[in-house]
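**Student:** Structural data only, the sequence is not supplied:
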C-alpha cells in the first residue's frame with residue numbers, strides 16, 4: 001500500500017482544545033439533539049465516544065458512561081474501533097462499526113448508548129471488512145454496504161437478515177472499486193474506495209464514497225447512481241464532489257449524511273489536520289442539495305462550499 005508521510009518529526013501537530021477531532025464521523029439526529037460519533041486516535045482501542053449538540057455549533061462530551069457510546073468489553077472487538085454508523089429500527093438504536101478489521105452491530109435504547117451485544121460476535125465474512133452502512137429500502141429489506149479488503153479497498157453490498165444478525169452470503173455483490181484517475185492519484189498498487197453512504201432520491205439510489213488512501217491529500221468524495229440497491233452503479237464522470245480543489249483543505253472525506261431540524265441535507269466528514277499532517281483528523285460539516293442536471297438527466301448532488309465549517313466544543 002502506498003504510504004503518505006505528511007508529518008515532519010520536528011513539526012508534530014498541536015491540538016486545539018476546542019476543535020473536534022473525529023475521523024470517519026457520523027451524526028444521528030433525534031428530537032432536536034444531534035449525536036456525533038467517530039474514530040478517535042486516543043480512544044480507537046477502547047470504544048466510541050459520543051458528543052451531543054442542540055445547534056450543530058457547540059458540542060460537548062456525553063456525561064453518561066464516561067462519555068462512551070460503546071465501550072470495549074461490552075460488544076465485539078479488542079482494538080481498532082473505527083467508522084461507526086448509527087441507525088434506528090422502531091424503538092431500538094443500532095451501531096454498525098469496525099473492530100479488529102471486522103464489522104459488528106450493537107444495539108441500545110438511546111442514541112447515547114450504551115451500545116452492547118448479548119452475544120459478543122462479528123458478522124461472519126471470509127475476508128477482512130470495514131466501513132459499514134446499513135440501508136433500509138422502501139420495502140423494508142436491509143442492505144449492508146461495506147468495504148472488503150481484497151486487492152484494494154472495494155465497496156460491496158449484501159442483503160441482511162431482517163434481525164440484522166447476519167448477511168445473506170448468496171447476495172454479496174461488488175459495487176465499486178477505484179478505476180478513475182481522481183480515485184487513485186498516487187497510482188497505488190492497493191487502490192482505495194471506502195466510506196459508503198447510500199441515499200434514495202426520487203426513486204434513484206445514490207452512493208457517496210471516498211477514494212484514495214486516507215493519508216493522501218487527494219482523499220475526496222464522489223458519487224454513483226443505480227436503479228437497484230445492487231447496482232450496476234454508474235459513476236459521476238465530473239470528478240469528486242468534495243475535494244481539496246473545492247475547499248482548499250487536504251484529506252476531505254469519509255462521512256455520512258443526516259438532516260437537521262430544518263430538513264437541510266448535511267454531510268459530516270473529516271479532513272487532514274493541516275497541509276503537513278494527516279492527523280489528528282478534524283471534523284467538518286457541509287450542506288448539500290439536489291439540483292436538476294439536464295445533461296445528466298438526474299438530480300445532481302451539489303455541496304455548498306460557503307456552508308463548510310469545522311466543529312467546535
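**Tutor:** Received it, and whenever you're ready, just let me know what you need. Since the model is a prediction, treat every value here as computed from it, not as a measurement. Numbers count the residues shown, from 1 in each chain.

**Student:** residues in contact with the residue nearest to residue 172 when sequence neighbours are not counted?
**Tutor:** Once flanking residues are discounted, residue 172 sits nearest to residue 158: 4.4 Å by C-beta to C-beta, 6 or more residues apart in numbering. Every residue, glycine included, has its C-beta placed from N, CA and C. By C-beta atoms under 8 Å, 6 or more residues apart in numbering, the residues touching residue 158 are 143, 144, 146, 167, 168, 169, 171, 172, 173.

**Student:** which of the residues you listed count as buried?
**Tutor:** Neighbour counting by 16 or more other C-beta atoms under 10 Å classes 143, 144, 146, 167, 172 among the contacts of residue 158 as buried.

**Student:** And the residues you listed, which is closest to residue 254?
**Tutor:** residue 146 (13.3 Å; C-beta to C-beta).

**Student:** Any regions of the stretch 51-200 of the chain where pLDDT drops low?
**Tutor:** Along the stretch 51-200 of the chain, segments meeting pLDDT under 70 are nowhere present.

**Student:** can you give me the strands for it?
**Tutor:** For the stretch 51-200 of the chain, the strands defined by DSSP state E, counting those that start in this stretch cover 51-53, 60-61, 68-71, 82-89, 92-99, 102-108, 129-136, 142-149, 153-159, 173-176, 193-201.

**Student:** Any chance of the contacts of residue 158 in TSV with distance to residue 264 as columns?
**Tutor:** Converted to TSV, the contacts of residue 158 look like this (distance: C-beta to C-beta, whole Å):
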residue	distance to residue 264
143	25
144	27
146	28
167	33
168	35
169	39
171	34
172	35
173	33
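
**Student:** which one of those residues is nearest residue 309?
**Tutor:** Closest to residue 309, out of all of the contacts of residue 158 and judged by C-beta to C-beta, is residue 146, at 29.4 Å.

**Student:** OK, contacts around the closest one?
**Tutor:** Taking C-beta under 8 Å, 6+ apart, we find residue 146 in contact with 103, 129, 130, 131, 132, 133, 155, 156, 157, 158, 196.

**Student:** The fourth one: how many residues sit nearby?
**Tutor:** Yep, that's residue 131 we're talking about. 26 (other C-beta atoms under 10 Å).

**Student:** mind checking how far residue 38 is from residue 13?
**Tutor:** Going from residue 38 to residue 13 by C-beta to C-beta, to the nearest Å gives 17 Å.

**Student:** same question, residue 215
**Tutor:** Distance of residue 215 to residue 13, computed by C-beta to C-beta: 14 Å.

**Student:** Who has more neighbours out of those two?
**Tutor:** Regarding residue 215 and residue 13, a neighbour count based on other C-beta under 10 Å identifies residue 215 as having more, with 19 against 15.

**Student:** Name the helix or strand for that one, please.
**Tutor:** For residue 215, there is no helix or strand it lies in under DSSP states H and E.
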